[in-house]
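J.: mind folding the following:
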Amino acid sequence: MSDNDINLELLRRIPLLSRLDDTELSRLSSLMKHQVFGANEPVIWIGEAGDELYLIVSGQVTVTYPDESGKEVILATLTDGDFFGDVAILDGGPRTASVRTITACDMLVLRRDEFLGFLRLNPDAAIDILTTVGRRHRETLDKLRGVTNANTVIEQKMTHAERVADAVARVSASQPFVIFHVFWFSAWMAANLLATTDPDGRFHGWDPYPFGLLSLIISVEAIFLSIFLLISANRAGEKDRIRADADYQVNLKAQYEIMQLHAKLDRLTALLSDKPR
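T.: Residues are numbered from 1 along each chain as shown. Have a look, this model is predicted:
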């Protein structure tokens, strides 16, 4: 297999170029330059201007992003046939992550100005790429619609004891619970107040005034209700945190993906509009 065949096979793996035919891929391949990097060598830095697409012929690289404390978090490890920088050749925006080699790497590099020139000379290829971007946009929206509901996540993490606590707290705060206790206490006290006493002093009720048994029952019930309510209230903060995390992840993903896809669409639309008729 010739080097050109290898390059075409690698280019076909890039989703952005998946609809291009062999002729278009061959033209694009002729614009790419070989570049060699040593082990543990930086390739791109986050925040710098992006104007190149990199296609790994051989070797391994790591993609990193700094967290809130400045520590680098590994997002992905890329190897033979993988690529990065496909967004940069369309919008020329800043890099969204840093890439450093793990081993010595041989890469194919496509500069943005050469890629844009290729699109101007090959409008059919531009339409194919625009179609691919549109499909990825639709897939992204479908994924966002399928994001796991925060309530589902909370439900999956609940233990049996927490389910019982939530059920007790929910019932004890309901109107039927209050009405039941009003009738229960009223009936209990009325029955014992109206109970008769024999001449020999024998009481026919079960809890004479001041209703010591009722007070004991209420006290025990209050203790257990307080425990369950405290457990449920303590979990309310955890529920809010899970919902906030889920909302943040959804919003972050939506903003990142949709902004990238809109930038691609705007860029390709502008290129097609500038094409002489």
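J.: please, where are all the helices along the stretch 51-200 of the chain?
T.: Assigned by DSSP state H, counting those that start in this stretch, the stretch 51-200 of the chain shows helices spanning 88-91, 112-121, 123-145, 150-157, 160-172, 175-193.
J.: tell me which of the ones you listed is the most buried.
T.: Mean neighbours per residue, mean count of other C-beta atoms under 10 Å, is largest over the helices of the stretch 51-200 of the chain for helix 88-91, with a mean of 21. Bear in mind the C-beta positions are built from the backbone N, C-alpha and C, glycine included.
J.: which strands and helices sit next to it?
T.: strand 52-58, helix 112-121, helix 212-274 (3 or more C-beta pairs under 8 Å, 6 or more residues apart in numbering; DSSP states H and E).
J.: and these, which one is worst for confidence?
T.: Per-stretch mean pLDDT for those is lowest at helix 212-274 (a mean of 71).
J.: show me where pLDDT drops low in the stretch 1-150 of the chain?
T.: 1-7, 67-70, 133, 136-137, 139-150 (pLDDT under 70).
J.: can you tell me which residues contact residue 57?
T.: Residue 57 makes contact with 6, 10, 34, 80, 105, 106, 107, 108, according to C-beta atoms under 8 Å, 6 or more residues apart in numbering.
J.: mind checking how far it is from residue 165?
T.: 59 Å (C-beta to C-beta, to the nearest Å).
J.: give me the number of residues near the residue nearest to residue 207 when sequence neighbours are not counted?
T.: Of all residues not flanking residue 207 in the chain, residue 213 sits nearest, at 4.2 Å (C-beta to C-beta, 6 or more residues apart in numbering). Neighbours of residue 213 under the rule other C-beta atoms under 10 Å: 12.
J.: ok, back up a step: what subset of the contacts of residue 57 is buried?
T.: Buried members of the contacts of residue 57, scored by 16 or more other C-beta atoms under 10 Å, are 10, 105, 107, 108.
J.: what's the farthest-apart pair in these?
T.: For those, the farthest-apart pair by C-beta to C-beta is 10 and 105; their separation is 13.4 Å.
J.: let me know the closest of the buried ones among the contacts of residue 57 to residue 47.
T.: Closest approach between those and residue 47, by C-beta to C-beta: residue 107, at 21.0 Å.
J.: rewinding a little: restricted to strands, list the buried ones among the contacts of residue 57.
T.: Judged by DSSP state E, the buried ones among the contacts of residue 57 include 105, 107, 108 as members of strands.
J.: give me every residue that touches the first one.
T.: Contact partners of residue 105, counting by C-beta under 8 Å, 6+ apart, are 36, 37, 43, 56, 57, 58, 59, 60, 61.
J.: gap between it and residue 178?
T.: Residue 105 is 71 Å from residue 178, where distance means C-beta to C-beta.
J.: can you select the buried ones from the contacts of residue 105 in PyMOL?
T.: Selection of the buried residues among the contacts of residue 105 in PyMOL, burial being defined by 16+ other C-beta under 10 Å:
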select buried, resi 37+43+56+57+59+60+61
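J.: count the neighbours of residue 33 for me.
T.: That count, for residue 33 with other C-beta under 10 Å as the rule, works out to 11.
J.: ok, what's across the strand from it?
T.: Beta-bridge pairing for residue 33 (DSSP bridges): residue 109.
J.: tell me if I'm right that it and residue 109 touch.
T.: Yes - counting by C-beta atoms under 8 Å, residue 109 is a contact partner of residue 33 at 5.1 Å.
J.: leaving out chain neighbours, which residue sits closest to residue 118?
T.: Leaving aside its chain neighbours, residue 118 sits nearest to residue 28 (5.8 Å; criterion: C-beta to C-beta, 6+ apart).
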